[in-house]
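S.K.: Got a sequence here, can you build the structure:
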Amino acid sequence: MDKVELNSLTLQKLREYMVSIGEKSFRGNQIFSYFHKNFGTSISEANILPRALRDKLKDCVKVNNIKIFKRFDSKIDNTKKYLYLLEDENIIESVLMEYNHGISICVSTQVGCKMGCSFCASTKEGLIRNLTPAEMVNQIYMMEKDTKKSISNIVLMGSGEPLDNYDNTMKFINIIHDKEGHNISLRNITLSTCGVVPRIYDLAKEGMPITLSISLHSPFDEDRKKIMPIATKYSIDELMEACKYYGEVTKRRITFEYTLIENVNDREEDIKELLKILRGVNCHINLIPLNPIKEFNEGRPEMVNIQRFQRELAKHNIAVTIRREMGGDISASCGQLRRRYSKSSDLSTFQ
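M.R.: Now for the predicted structure:
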């Protein structure tokens, strides 16, 4: 029988588990706070629990821990990129970004990704596996322990598609939000998806006031299919209907991520069609200048054209910004460093 991964359980499930093994439910609260408020990593060191209970748990549970494999510090800004070594020797990455309003962390939800977006480095080797809730929260805890700084905002925009790892992602959000643990406001959590339409409806019904961010990248179905394979499964009309439903149910403004690719999706006709499909949608558009990778042979528009695109949308009362590049000197975009190290590193030398 597989052992229960104790630090992946929500508070409610942890309380239920304690009762199932003949213990009082409040022990679940103690264990939850040990992991998620006090950065605990080992049941044997959880001195808040009686020795007999710790010995009992060692036989039937496990605790999932990750290690910092490498940290890269930007000389341009205060961005830090972390490569983490998982227990099975897979590597994932997270990014810490400092802004005037606080510290944000970009969290990975999978090792690799199967969505196949042509300009994304995370997906080039496909999906290796889903991350557990513990592996997601520990990305945050390891950064806070390393920097001695508190995270204020979480962006599920690292490697992987969060809605493709739906159940574990929901558990992660539940755990990181719980007041008995890290107590991160749901309004400070952003979930980014390439557009898994059925799961957008499911997410709306969760009753979580998180920010939904949609990777759009083209307003035309045929053009979107060329760069985002998921567009062959869900049309833009279907995606927009799901977004409208999400907005109506949650009363939250949706963000649309739009990577600008020269002569592909930065044309006048793209602007006109964007305005058409976003009519009546409470949204914000985040323009992202393409970050070139060697597997995608397209270019980034000149800044003058990026600014023109922004102005044209703003003229029609669309909230639109150009994303500020962070950590450009340390390959802070998702997937770039993980692929390099997973291909070339001798992990046996890790200390």
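
S.K.: dump the residue contacts of Glu180.
M.R.: Neighbouring residues of Glu180 by C-beta atoms under 8 Å, 6 or more residues apart in numbering: Leu11, Asn29, Phe32, Ser33, His36, Lys37. Just so you know, the C-beta spots here come from the backbone N, C-alpha and C atoms, and that holds for glycine as well.

S.K.: Please enumerate the strands of the stretch 51-200 of the chain.
M.R.: Taking DSSP state E, counting those that start in this stretch as the test, the strands found in the stretch 51-200 of the chain are 61-62, 67-73, 80-85, 91-99, 102-106, 110-112, 127-130, 153-156, 189-193.

S.K.: can the ones you listed go into a markdown table with extra columns for mean pLDDT and mean neighbour count?
M.R.: What follows is the strands of the stretch 51-200 of the chain, written out as a markdown table (pLDDT from 0 to 100; neighbours: other C-beta atoms under 10 Å):
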| stretch | mean pLDDT | mean neighbour count |
| --- | --- | --- |
| strand 61-62 | 96 | 17 |
| strand 67-73 | 96 | 15 |
| strand 80-85 | 97 | 22 |
| strand 91-99 | 94 | 23 |
| strand 102-106 | 95 | 19 |
| strand 110-112 | 95 | 24 |
| strand 127-130 | 96 | 17 |
| strand 153-156 | 98 | 22 |
| strand 189-193 | 98 | 21 |
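
S.K.: Going by contacts, tell me the helices and strands next to the strand or helix carrying Lys13.
M.R.: For Lys13, the enclosing helix or strand under DSSP states H and E is helix 11-20. Here helix 11-20 touches helix 26-36, going by 3 or more C-beta pairs under 8 Å, 6 or more residues apart in numbering; DSSP states H and E.

S.K.: The helix it packs on vs helix 11-20, what angle?
M.R.: Using axes from the mean of the first three to the mean of the last three C-alpha atoms, to 10 degrees, the inter-axis angle of helix 26-36 relative to helix 11-20 is 130 degrees.

S.K.: which parts of helix 26-36 are buried?
M.R.: Within helix 26-36, the residues scored as buried using 16 or more other C-beta atoms under 10 Å are Arg27, Gly28, Gln30, Ile31, Phe32, Ser33, Tyr34, Phe35, His36.
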